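Chemist: Output the structure for:
(one chain, ligands or ions: 2)
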Amino acid sequence: MSSNHDGKIIIVSGPSGVGKSTICREVVNRLDNVFLSVSATTRTKSESEVDGKDYWFLTRGEFEKRIEDGMFLEYAEVFGNLYGTPKDKTDKAIEDGKNVILEIDVQGARRTKQIYPDAEMVFILAPTHKDLAERLNGRARDGEKVVEERLSGASAEIAAAWQFYEHMVINDDLQQAVNEVIQIIQGNIGE
Ligand code: ADP
Ligand code: 5GP
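Modeler: Ligands and ions are numbered 1, 2, ... in the order given. Predicted coordinates:
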């Protein structure tokens, strides 16, 4: 269904542990008319996470069935698990004229940009690699092996991001990073 709306799709990507969820939650608290998409994943739920709030946790079989049924706007395999954006909820939010935030990886971002060329692509960086390592470890969500895997994946993701993303935001001071994302959503920062 077509609609006249002022809503935008804002893609927020960045290495694991950089602060994407923290920033996006704060943006949602501070702005009206924003919908933060909850992704589906086959990753194991950690103790601190809540099904339906942090992610929809699915078995691989359930996820693959949803792929067959065309239920994802985009999906990708990241660190050996499947992650995808539920299409029905984002379609509804777009129709309602909301700004829709998708917290997704670089592969998913590129697919979404093909479908929605007007989507704003924002990549979040940590001030230093050391900060990123400290945040990943400090979160206490993942085991040592998972943290190492995510840290070593960060460099490739950052290199890809410099080529494709319109906005790079350094998450040093959290409130400043939140303000920058808000300005991007409100259209006050150009490419
Ligand atoms: P992501 O969603 O990118 O994986 P999170 O939002 O879970 O990352 O943040 C990872 C950790 O870093 C959390 O413990 C969070 O409180 C912390 N964090 C986020 N932003 C900052 C910041 N600007 N300075 C210091 N720590 C931060
Ligand atoms: P984590 O397991 O740390 O929550 O997320 C791992 C990676 O998966 C992050 O880069 C995150 O952006 C990405 N991700 C989360 N949800 C989605 C999604 O729906 N689609 C895609 N393509 N990537 C996602």
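
Chemist: low-confidence ranges in this structure?
Modeler: Along the chain, the model assigns pLDDT under 70 to residues 1-6, 140, 188-191.

Chemist: what does it put close to ligand 1?
Modeler: For the chain, the contact set with ligand 1 under CB under 6 Å from any ligand atom comprises 14, 16-22, 135, 138-139, 171, 174. C-beta: built from backbone N, CA, C; applies to glycine.

Chemist: Output the contacting helices and strands for the longest helix along the chain.
Modeler: Longest helix in the chain by number of residues, with DSSP state H as the criterion: helix 144-164. Other helices and strands packing on helix 144-164, by 3 or more CB pairs under 8 Å, 6 or more residues apart in numbering; DSSP states H and E, are helix 106-115, strand 120-125, helix 129-139.

Chemist: ok, now with 6 Å
Modeler: On a contact count with 3 or more CB pairs under 6 Å, 6 or more residues apart in numbering; DSSP states H and E, helix 144-164 meets no helix or strand.

Chemist: What residues sit buried inside that helix?
Modeler: Neighbour-count burial for helix 144-164, with 16 or more other CB atoms under 10 Å as criterion, is recorded at 146-147, 150-151, 154, 157-158, 160-161.

Chemist: ditto for stretch 52-69
Modeler: Neighbour counts over stretch 52-69 (16+ other CB under 10 Å) mark 54-58, 63, 66 as buried.

Chemist: now swap in stretch 123-140 and tell me
Modeler: In terms of neighbour count (16+ other CB under 10 Å), stretch 123-140 has its buried residues at 123-126, 131-133, 135-136, 139.

Chemist: Specify which member of these is nearest to residue 36.
Modeler: Each of the buried residues of stretch 123-140 was scored against residue 36 by CB to CB, and residue 124 proved nearest at 14.7 Å.

Chemist: If we ignore the residues flanking it in sequence, what's nearest that closest one?
Modeler: Excluding the flanking residues, the one nearest residue 124 by CB to CB, 6 or more residues apart in numbering is residue 14, at 3.4 Å.
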